[in-house]
Every structure is written in structure tokens, then in C-alpha cells.
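J.: here are the coordinates; sequence isn't available:
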């Protein structure tokens, strides 16, 4: 996948179509200072913009793999286009994530992209681990890294709220305890 090519196309599309968006997933982790490889691009958009996104991506050589009220998944017909997943914001938490997103550098500062906050990234990682148990260990490692690298800076009350939604507060407390221990050393 040619990430720069795809990002350029997406950013141009978002600007032309006046689509509010935010980067989520692996690239958002990188923008938050956590380095991890990723194979796709994950974005958050308003649900009502899904028709514009479908039209733009289908005309650019993407195939729609899956569509629901919550997500759109696309795969490029050419390898350079890669895979793009859209989370469709229509619920309170996702709409809040989009509202709180700020512009951050990606590609070593060569591009600037609106990106969800660290707390919201933790919330989505938690949701991902609940929805797909095969992702649990990677998502929890990402959550741990985000909390460890940003302890004392992130809004822990918002993080706690996300863990409460999924009845996982015990897991958060274990992570916080490990992070506190690491900071003492």
C-alpha cells in the first residue's frame, strides 16, 4: 500500500466534499507517539457522509467489502490502494471523538491529519478487543503503551468511562497499577 498516495487522495476528497474526519487505528497510534506497524488506514467520519465516501472510493478503484450502519470497509483493486476502513460516527461516544480530534503530524511531519485524542484511541482499542477477541492482546498492549507514555497527561476519567462501558474497570486498574510501578523505578 502506498500510504502517502492514499492519504493525499483521502485528504483531497475530504476537503473537496467537506467531510469531517479523524484518523484512528495504527496511524493514530503513531501520531500519539506509539510506533507500531499497520497494514491499513482507519478513519472516523460522520455517518451521513458515507454516501460521499462510497462514491469517491468506488470511482477511485476500491471495492466495497462490507457496509453496515457502523462501518465501511474498502479494498483497492490495485495493491497500491490498500485497505481503508471507516468507522461511522452516529453515537454519542464516536461523535465526541470526532469533535475532540486535533490536527497532528504524520509521516515524520510531512503531512498533518486530524487525529482522535489518546483517550479516544484507548476507547476504540478497548471496543476492538471486546468485539474481536483475537485482537485482545495487541489492543491491550496498545492501551498499556498509550497509558504508560501519557500517564498524568491523559484524562483518566474519560478512559475510565470507556472501561466502564465495557465492564472492564478491573483491567484498567491493573494497567494503572503497572504504570504507577514503572514510573516509580
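T.: Received, thanks. What you see is a predicted model, and the numbers here were worked out from it, not measured in a lab. Residues are numbered from 1 along each chain as shown.
J.: Report all helices and strands that the host helix or strand of residue 99 contacts.
T.: Assigned by DSSP states H and E, residue 99 belongs to helix 92-100. Applying 3 or more CB pairs under 8 Å, 6 or more residues apart in numbering; DSSP states H and E, we find helix 92-100 packed against strand 21-24, strand 40-46, strand 83-89, helix 118-131. Every residue, glycine included, has its C-beta placed from N, CA and C.
J.: please redo it, this time with the cut-off set to 6 Å
T.: Under the contact criterion of 3 or more CB pairs under 6 Å, 6 or more residues apart in numbering; DSSP states H and E, helix 92-100 touches no helix or strand at all.
J.: Okay, buried residues for it please.
T.: Within helix 92-100, the residues that count as buried by 16 or more other CB atoms under 10 Å are 93, 94, 96, 97, 98.
J.: List the contacts of it.
T.: With CB atoms under 6 Å, 6 or more residues apart in numbering as the contact definition, helix 92-100 has outside contacts at 22, 44, 89, 116, 117, 120.
J.: Excluding sequence neighbours, find me the nearest residue to residue 49.
T.: residue 19 (4.6 Å; CB to CB, 6 or more residues apart in numbering).
J.: Distance of that neighbour relative to residue 11?
T.: Residue 19 is 10 Å from residue 11, where distance means CB to CB, to the nearest Å.
J.: Between these two, which has more neighbouring residues?
T.: residue 19 (18 against 15; other CB atoms under 10 Å).
J.: for that one, helix, strand, or coil?
T.: coil (DSSP: H, G, I helix; E, B strand; the rest coil).
J.: who's in contact with it?
T.: Residue 19 makes contacts with 45, 49, 52, as judged by CB under 6 Å, 6+ apart.
J.: Residue 22 too?
T.: 44, 98, 101, 114, 115, 116.
J.: Go again with 10 Å.
T.: 28, 42-45, 87, 89, 94, 97-104, 113-117, 120 (CB atoms under 10 Å, 6 or more residues apart in numbering).
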